[in-house]
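J.: fold the following.
(2 chains)
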Amino acid sequence: MSTVKAVRTAVPHPRGTAARRLSVALSARPRTRLGLLLSAPLLWLGLVYIAALAALLITAFWTTDTFTGQVRTEWTLDNIVAVVTGSLYHTVTLRTLGIAVLVTVVDIVIALPIAFFMAKVASPRLRYALVIAVLMPLWASYLVKAYAWRSVLSEGGIVDWALRPFGLEGPGYGLPAVIMTLAYLWLPYVILPIFAGLERVPDSLLEASGDLGAKAGRTFFQVVLPILTPSIIAGAIFSFSLSLGDYITVNIVGGANQLLGNLVYTNIGTANNLPLAAAVALIPVVIMSIFLLAVRRTGALDNL
Amino acid sequence: MKSQIMAGGALLASALLLTACGTSGGGGGGGEGGMPTELGETEGAVSILAWPGYVEDGSNDPSVDWVSGFEDETGCQVTVKTFGTSDEALNLMKSGEYDVVSASGDASLRLVAAGDVAPVNVDLLKNYAGIFDFLKNQSWNSVDGQPYGVPHGYGANLLMWNTDVFPGGLDSWSAVFDGAGEHSGQVTAYDSPIYIADAAVYLMATQPDLGIENPYALDADQLAAAVDLLKAQRQHIGEYWSDYLKEIQAFETGDSVVGTTWQVIQNSITTGNTEVVLPKEGATGWSDTWMISSQSQHPNCAYAWLDWIASPEVNATATAYFGEAPSSQEACNFRDDCEAYHAGDADYASQIWYWSTPIPECLDGRTDVQCTDYAAWTAAWQEIKG
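T.: Numbers count the residues shown, from 1 in each chain, chains lettered A, B, ... in the order given. Take a look at the predicted model:
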């Protein structure tokens, strides 16, 4: 074996394998390349997201045999009309909206100082510890956390015990308990986008504001908050949409109250009325669509 | 643009295809599966859908086990799923994953009408003969004289209270209706449209002018009266229950102090400060039937389970654990509390208003008026909860 031959074969001439031919063919056709790359995820998205939603939409226009609970494919607007005109659905929709808004407000109020401390005050080591601490509750099951709140809020539970020296009683089960529990459940989803947004605020801006004589409050409201608004809205989308669809927490700590999710659940589970459940399920879809369209202008969707 | 329209069309078509499965284009089911005339080899497994406390394999309490013996004898491994309301059972049976179900009267006829359960050849069950005659061929477990299952046991929905709060005891449903305000926020009720019948039973005693003859046969006015009563009650409800574990916990912590219950819940409460009674107004109740799925993959094991659970000793153990009357006189040889449950007393059994599905043809025989059906009850129940 001569050295000359070894050098020549070190960079072999590409052979015409099938993979090679495919690669050559694709390099000349960028659109085909993109199509192949995206077809699998798009098919998945189409089947799982769009088709499921379309199926929901279609079911809402069908009807059900009330005795046997079988869905009949007879077209009708009855379900939509019932949902739009029924006072029950108005009440429950308003209650659900109120809960979702309050949970979001509570979460933002709690998340802002925590995120600020994490991003701007804590040392890098403490910051990582805090990020882990914020994420830690996500390791436990949703149900475990909701039932933990059930025992915390029960008669003679920790809340009762802590308030008793002040002559007060715990809120017991009901809507306040739902707000507390949901705010707890979704807090990590609100802290993280705000934390990420704050990390992008340069320290020099805060210092410049201080050098120009602004106090902490003015620096926060006129410098930090405008930069942070998209991040806050990004966090709000999480807590708002998750609260809007929840029915398990309200079952566990909500006392006798029901939210939109419960109406969907009982219409399927109790009434065997899938079409009406589908019609009710369209309410949060509509609300979220309006909400997302409204916040799209703020640039919040870029922060998700 | 054209390709977008085509993609949209393809999605719509696939959505239609997806949803077309599991629906019927009008017309009910009513599958008339052929009955087996003889039994073959057992299949090695059986999947059971049951009320809590009906199929105990020792996993909740090692001393409570009537499943292991069945598995040893027949070789059928039992998997069990429990449900909290008849509606849940009805929904789960539609999946076709369960071979056997313990159906109450408010589910059984709907299961038959939907074609989800098959007629049962009772000649293949050697323990069927011993069952009380007044439980056989009833409106809730047979159609045109054809049995659709084997009676299991029967009992009443009871009133439970916390003895610390009601030291004098209770004997009337008024504690959860007209008198509910005294313990506002600590009253509980069963979370199902069928609970409207409990209000109707109370109205039968307190407002005879309404003319309610059967709590499952309510015309529009009578239903409205029951709904008003329940809406007033709603102001004082702490929480509704359908998960019996939730009610056990609520009574143990004191979050609930009075409300409707089952004997098995009373038996499960460990704090010892609750009592139950069958109130003077009477009560709703249940008479349950073991039924076999029309799509059963393990029919021989299913028949074996029906025969096993109807055998006197097993039936006695299971019904005693749940707190209800057994289905046969021989079962009383294995229980010492048959007196308390009035087992075999046909007159007493007739005074409990067994769960039954409300239908437009009034169950009390009235022909001059249409009664409200279960769909109306369901809508009313959602309205009541608000």
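J.: what does the stretch 1-150 of chain A put close to chain B?
T.: A:46-47, A:50-52, A:54-55, A:58-59, A:62, A:65-74, A:88, A:91-92, A:150 (CB under 8 Å from any CB of the partner chain). The C-beta positions use only the backbone N, C-alpha and C, and glycine is treated the same way.
J.: which stretches of chain B form strands?
T.: With DSSP state E as the criterion, chain B has strands at B:45-50, B:77-82, B:100-103, B:117-118, B:142-143, B:146-147, B:150-156, B:158-162, B:187-190, B:237-241, B:258-261, B:274-277, B:284-293, B:353-354.
J.: so what's the residue count around A:I248?
T.: Using other CB atoms under 10 Å in any protein chain shown, A:I248 has 16 other residues around it.
J.: for B:G365, see how far away it is.
T.: 44 Å (CB to CB, to the nearest Å).
J.: which one, of the strands of chain B, ends up nearest to chain A?
T.: Across the strands of chain B, chain A has its closest neighbour in strand B:237-241 (4.3 Å, CB to the nearest CB).
J.: what lines up beside the closest one in the sheet?
T.: For strand B:237-241, sheet partners with direction are given as strand B:187-190 (parallel), following DSSP bridges.
J.: now do the same for A:I232: helix, strand or coil?
T.: helix (DSSP: H, G, I helix; E, B strand; the rest coil).
J.: is it in contact with A:V105, as I believe?
T.: No - A:I232 is beyond contact range of A:V105, at 10.8 Å (criterion: CB atoms under 8 Å).
J.: between those two, who's got more neighbours?
T.: Using other CB under 10 Å as the criterion, A:I232 and A:V105 rank with A:I232 on top: 23 against 15.
J.: quick one: contacts for that one?
T.: Counting by CB atoms under 8 Å, 6 or more residues apart in numbering or on different chains, A:I232 touches A:I108, A:L112, A:P193, A:I194, A:G197, A:A300.
J.: quick one, phi psi at B:N273?
T.: phi -110, psi 30 (degrees, to the nearest 10).
J.: cool, the one 10 residues further on as well?
T.: In terms of degrees, to the nearest 10, the main-chain angles of B:A283 are phi -160, psi 160.
J.: surely it is in contact with B:M160?
T.: No - if you go by CB under 8 Å, B:A283 and B:M160 don't touch, sitting 12.0 Å apart.
J.: just the buried ones out of the residues of the stretch 1-150 of chain A next to chain B, please.
T.: A:46, A:50-51, A:54-55, A:58-59, A:62, A:65-73, A:88, A:92, A:150 (16 or more other CB atoms under 10 Å in any protein chain shown).
J.: with mean pLDDT and distance to A:A277 added, can I get the strands of chain B in TSV?
T.: As requested, these are exported to TSV (pLDDT from 0 to 100; distance: least, CB to CB, whole Å):
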stretch	mean pLDDT	distance to A:A277
strand B:45-50	93	22
strand B:77-82	92	22
strand B:100-103	94	23
strand B:117-118	92	24
strand B:142-143	86	29
strand B:146-147	92	34
strand B:150-156	89	31
strand B:158-162	94	32
strand B:187-190	94	22
strand B:237-241	91	19
strand B:258-261	94	27
strand B:274-277	91	35
strand B:284-293	92	24
strand B:353-354	88	29
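J.: most tightly surrounded among those strands?
T.: Mean neighbour count (mean count of other CB atoms under 10 Å in any protein chain shown) peaks for strand B:100-103 among the strands of chain B, with a mean of 29.
J.: flag every residue of the stretch 201-350 of chain B that's near chain A.
T.: Residues of the stretch 201-350 of chain B lying near chain A (CB under 8 Å from any CB): B:R234, B:I237, B:G238, B:E239, B:Y240, B:Q249, B:T253, B:G254, B:D255.
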